[in-house]
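>>> Turn this into a structure:
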Amino acid sequence: MTDINNRCALITGAASGIGRLLATRLASLGARLVLWDIDTTGLSQAHAELSGAGQKADVYTCDLTSREEIAAVAAQTLAQSGPIDILINNAGIVSGKNLLDISDREIERTFQVNTLALFWTVRAFLPSMLERDSGHVVTVASAAGLAGTAKLTDYCSSKFAAVGFDEALRLELKQQDSKIITTVVCPFYTDTGMFDGVKTRFSWLLPILKPEDVAERILKAIQGDRRRLVMPWFVYTTWPSRLLPVDWFDALMVFFGVSHSMDEFRGGAGRARSNNRAR
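Numbering: from 1, shown residues only. Modelled structure (predicted):
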């Protein structure tokens, strides 16, 4: 079990959405919080909210598209807030456009925030975890890292990479006989505003998730040292479905509404987000 009380937990994308919900829940369990986000105003509001509840947090504005800024803010964090026990890589962005409509810059930003930032934050905080042979690295990926979807070529690609990052890191740490835990989180669309307009055909199988429920399940996964959290349960069928011929697999994606889920997308395009980790 990962102990939360008096542990230092860093959350990227902590100014709103799931990141902010996680901060509130972790603080209530006695965690010492470090909050990162590009949204300075949102960070200030989160800090004020926590302070009003008698809970403390160190906040740092950080642009995750910049490797240099991540390194500088990480060094500042280690100097001022101390070693990190629980690193939750939650921040991300989405464009929600067809491949030929996405600008070069948007594609680059998607990978900088959703994928490359994982490397830079873990490389910054993993050494101190290894020294103590203790720590927990949480990668909030997406169900989009398990199956592709139209109008999400950049997002799905970045999330497939995030899932692979967690898996390879997990095996690397096991090979080193390390006690550090890794957890990958793969939720379906979550109702935080970032994916406004998305549709699900069978809500009883693939519901649009509530952010409060997602945050609570992530917290329980951390406490229980779960290696993988997939939401809802139906997303697990992705793995056996991969054994089918490609045309059959694609037909299933159409039947269950996944392939057309982004047809009426209208929210969150191009924004750095601190909230939903969704398909």
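>>> Tell me, how many residues neighbour residue 127?
By other CB atoms under 10 Å, 11 other residues sit near residue 127. Where C-beta positions appear, they are placed from N, C-alpha and C, glycine not excepted.
>>> Kindly report the same for residue 98.
For residue 98, the count of nearby residues is 12 (other CB under 10 Å).
>>> where does it fall, phi/psi-wise?
When read as degrees, to the nearest 10, the backbone of residue 98 gives phi -60, psi 150.
>>> Leaving out chain neighbours, which residue sits closest to it?
Spatial nearest neighbour of residue 98, excluding adjacent residues (CB to CB, 6 or more residues apart in numbering): residue 151 at 5.7 Å.
>>> That neighbour against residue 94, yeah?
No: judged on CB atoms under 8 Å, residue 151 makes no contact with residue 94 at a distance of 9.7 Å.
>>> hang on, the residue nearest to residue 98 is in a strand, isn't it?
No: under the criterion used here (DSSP: H, G, I helix; E, B strand; the rest coil), residue 151 is coil, not part of a strand.
>>> how near is it to residue 92?
Distance, residue 151 to residue 92, by CB to CB, to the nearest Å: 16 Å.
>>> more crowded one of the two?
Set side by side, residue 151 and residue 92 show more neighbours around residue 92, with 29 against 22, by other CB under 10 Å.
>>> That one against residue 111, yeah?
No: counting by CB under 8 Å, residue 92 sits too far from residue 111 to count as a contact (10.7 Å).
>>> shared neighbours, these two?
Listed as contacting both residue 92 and residue 111 by CB atoms under 8 Å, 6 or more residues apart in numbering are residue 158.
>>> returning to what we had before: for the residue nearest to residue 98, give me its contacts.
By CB under 8 Å, 6+ apart, the neighbours of residue 151 are 96, 97, 98, 262, 263, 265.
>>> Number of residues surrounding the first one?
Spelled out, that is residue 96. In terms of burial, residue 96 registers 23 neighbours under the definition other CB under 10 Å.
>>> what's the answer for the last one, then?
The number of residues packed around residue 265, counting by other CB under 10 Å, is 20.
>>> That one falls within a helix, correct?
No: under three-state DSSP, residue 265 falls outside any helix and is assigned coil.
>>> Low-confidence stretches in the chain?
1, 268-279 (pLDDT under 70).
>>> Distance to residue 171 added to the contacts of residue 151, as a markdown table?
Converted to a markdown table, these look like this (distance: CB to CB, whole Å):
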| residue | distance to residue 171 |
| --- | --- |
| 96 | 33 |
| 97 | 34 |
| 98 | 35 |
| 262 | 33 |
| 263 | 38 |
| 265 | 35 |
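>>> Need the max-distance pair from those residues.
Using CB to CB, the contacts of residue 151 span at most 12.5 Å, a distance reached by 97 and 263.
>>> When these two are compared, which one has more neighbours?
Using other CB under 10 Å as the criterion, residue 97 and residue 263 rank with residue 97 on top: 20 against 12.
>>> got the contact list for residue 261?
149, 189, 198, 199, 200, 201, 279 are the contacts of residue 261 under CB under 8 Å, 6+ apart.
>>> Run a quick neighbour tally on the residue nearest to residue 242 when sequence neighbours are not counted.
In space, and not counting its chain neighbours, residue 242 is closest to residue 249: 6.9 Å by CB to CB, 6+ apart. By other CB under 10 Å, the residues close to residue 249 number 14.
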